[in-house]
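S.K.: How does the following fold in three dimensions:
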Amino acid sequence: MKELIMVKYGEIALKGINKKTFEDMLQSNIKRRLKKIGQFAYERMQSTIYIEPLEGADVDEAVEALKKIFGIGAIQKCAVYPKDIEAVKAHLSEYLADALEDAKTFKIEAKRADKTFPLTSPEIQQTLGDAVLDAFPEIGVDVHNPDVTVRLEIRDNGAYLSAKRITGAGGMPVGSSGKALLMLSGGIDSPAAGYMMAKRGLVVDCIHYISPPYTSDRALTKVQKLCEEMTEFCGDIMFYCVPFTELQEAIRDNCPEEYFTVIMRRLMVKIANYFCGKDGYGAIITGESLAQVASQTLSAIGCTNAAAEYPVFRPLIGMDKIEITEIARKIGTFETSILPYEDCCSVFSPKHPRTKPHLDDILKAEAAFDFDKLIEKAVAETTVKRYKYGEETVFLE
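M.R.: This is a model prediction of the structure:
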């Protein structure tokens, strides 16, 4: 018996004449993720990628990796038999034993992609259902809410039997929608925002701002760990680390306290603008949620937007903290995010921030000091690293 993995497309299946471009990108992403697990052979047909393990590659480990790859609608580990219903019946008890061990009910689903096969889909379901009942007399049939669904797909090159259909990560293949720069803090929200936009096919790279000695090395290590954790879903990540101390001190010394946070965020966006232009990012991503804090009111967001030269994506804008936390737990960043090491956003935080700032007032406050030279200096002193999924971090000049 040969065992392989069938990867079913998600939204890609709905694409038109450009479908092959998305298929190629998804298969490329899969190959890159599975490379560290072992050698696999790949075949593609009928909106499915067939992945066959070679040289002892671990199928279960591969399935776990595939569950985190965007663009996949479903994953099925299956046994491959000749297109002969008697051959399938002869071996199904052995292959389905683990899946049906604790089940009380089952149902059969059949798909006959090869229309030359002599049995119709209902006939296949009836024949296999009888065979399963004979092999496992202690379980019954429930076509509405079964414990296990046994699937048989008759395709051009064989009969594929499976008992578990795992829901994939969905979305679009990373890289199929361009790339954007995530303003990554050390909190819960921004990694979740990066995940959401990677799911829509964006390459997500990260920019982070540090303010030593007001922020610690441990705070930076925490954010770097978040980057590593995000690669599980986002793939490789470029990490821009921007020294922000002098800019924050200049804000503190020259601007009204009530505008500190909004002006700080505007300067962060201006620095992000530079790297977007230099390195080809088409958008900026933030983890903002409307009205969550004073800097995320409608007026404050409008003032921040005015500094942006690129679209600003806020995928969490309508979510509450519970919903955002659920995403963070799902992607494995929550425990790191709650480590008690504060980032630069908490430095010089005003006691009474203006919740409804006007852009004219913000621009007037900014005009009290020439921030451009400090922005240029911060950009020049920015360090860049590349976090690669499953590999050592690469430091770039």
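S.K.: alpha carbons only for contacts and neighbour counts from here, please
M.R.: Will do.
S.K.: hang on, Glu153 packs against Ala159?
M.R.: Yes. Applying C-alpha atoms under 8 Å as the test, Glu153 and Ala159 come out as touching, 5.7 Å apart.
S.K.: what about Lys20, neighbour count?
M.R.: By other C-alpha atoms under 10 Å, 12 other residues sit near Lys20.
S.K.: Please read the previous query as pertaining to Ile17.
M.R.: The burial count assigned to Ile17 is 6, neighbours taken as other C-alpha under 10 Å.
S.K.: next one: phi and psi at it?
M.R.: Note on Ile17: backbone dihedrals following degrees, to the nearest 10 are phi -70, psi -20.
S.K.: can you tell me how far it sits from Arg329?
M.R.: To Arg329, Ile17 is 38 Å away according to C-alpha to C-alpha, to the nearest Å.
S.K.: cool, and Met183?
M.R.: From Met183 across to Arg329, the span is 20 Å (C-alpha to C-alpha).
S.K.: Which one of those two is surrounded by more residues?
M.R.: Under the criterion of other C-alpha under 10 Å, the comparison of Met183 against Arg329 puts Met183 first, with 23 against 13.
S.K.: mind checking the backbone torsions on Thr48?
M.R.: Summarising the backbone geometry of Thr48 under the convention degrees, to the nearest 10, its torsions are phi -140, psi 140.
S.K.: who are the neighbours in contact with it?
M.R.: Each residue near Thr48 by C-alpha atoms under 8 Å, 6 or more residues apart in numbering is listed here: Met6, Val7, Lys8, Tyr9.
S.K.: again with Val7
M.R.: Applying C-alpha under 8 Å, 6+ apart, one finds that Val7 lies in contact with Thr48, Ile49, Tyr50, Ile51, Ile72, Gly73, Ala74, Ile75, Gln76.
S.K.: Check Ala110 too.
M.R.: Residues counted as contacts of Ala110 (C-alpha under 8 Å, 6+ apart) are Ser121, Pro122, Ile124, Gln125, Arg151, Leu152, Glu153, Ile154.
S.K.: 10 Å - rerun?
M.R.: With contacts taken as C-alpha atoms under 10 Å, 6 or more residues apart in numbering, Ala110 has the following neighbours: 120-126, 128, 150-154, 160-161.
S.K.: List only those of those residues flagged as buried.
M.R.: The neighbour-count test (16 or more other C-alpha atoms under 10 Å) applied to these identifies Ser121, Ile124, Gln125, Leu128, Val150, Arg151, Leu152, Glu153, Ile154, Tyr160, Leu161 as buried.
S.K.: report the longest strand in this protein, please.
M.R.: When the chain is scanned for its longest strand (criterion: DSSP state E), the result is strand 72-81.
S.K.: how does this protein divide into domains?
M.R.: Domains of the chain are assigned by automatic domain parsing as 2-167, 179-396.
S.K.: Out of those domains, which one sits most buried?
M.R.: Highest mean neighbour count among those (mean count of other C-alpha atoms under 10 Å): domain 179-396, with a mean of 19.
S.K.: Name the spans of the chain whose pLDDT lies under the cut-off.
M.R.: Low-confidence segments of the chain (pLDDT under 70): 390-397.
S.K.: Go again with 80.
M.R.: Applying pLDDT under 80 to the chain flags residues 1, 55-56, 294-295, 342-353, 389-397.
S.K.: Most distant residue from the centre of it?
M.R.: In the chain, the residue that sits farthest from the middle, by C-alpha atoms, centre = their mean, is Asp134; the gap is 43.3 Å.
S.K.: Tell me the gap between the helix or strand that contains that residue and the middle of its chain.
M.R.: With the criterion set as DSSP states H and E, the secondary-structure element containing Asp134 is helix 121-135. Average the C-alpha atoms of helix 121-135, do the same for its chain, and the two points are 39 Å apart (C-alpha atoms, centre = their mean, to the nearest Å).
S.K.: try stretch 51-63
M.R.: The chain centroid and the centroid of stretch 51-63 are separated by 22 Å, computed with C-alpha atoms, centre = their mean.
S.K.: contacting residues around that stretch?
M.R.: Outside of stretch 51-63, the residues within contact range by C-alpha under 10 Å, 6+ apart are 2-7, 30-31, 33-44, 65-66, 75-77, 166, 168.
S.K.: Could you do stretch 128-141 as well?
M.R.: Where contact means C-alpha under 10 Å, 6+ apart, the residues beyond stretch 128-141 that reach it are 85-86, 88-90, 92-94, 96-97, 100-110, 122-125, 146-148, 150-152.
S.K.: Mind doing that once more with 7 Å?
M.R.: Here stretch 128-141 makes contact (C-alpha atoms under 7 Å, 6 or more residues apart in numbering) with Lys89, Ser93, Ala103, Lys104, Thr105, Phe106, Lys107, Ile108.
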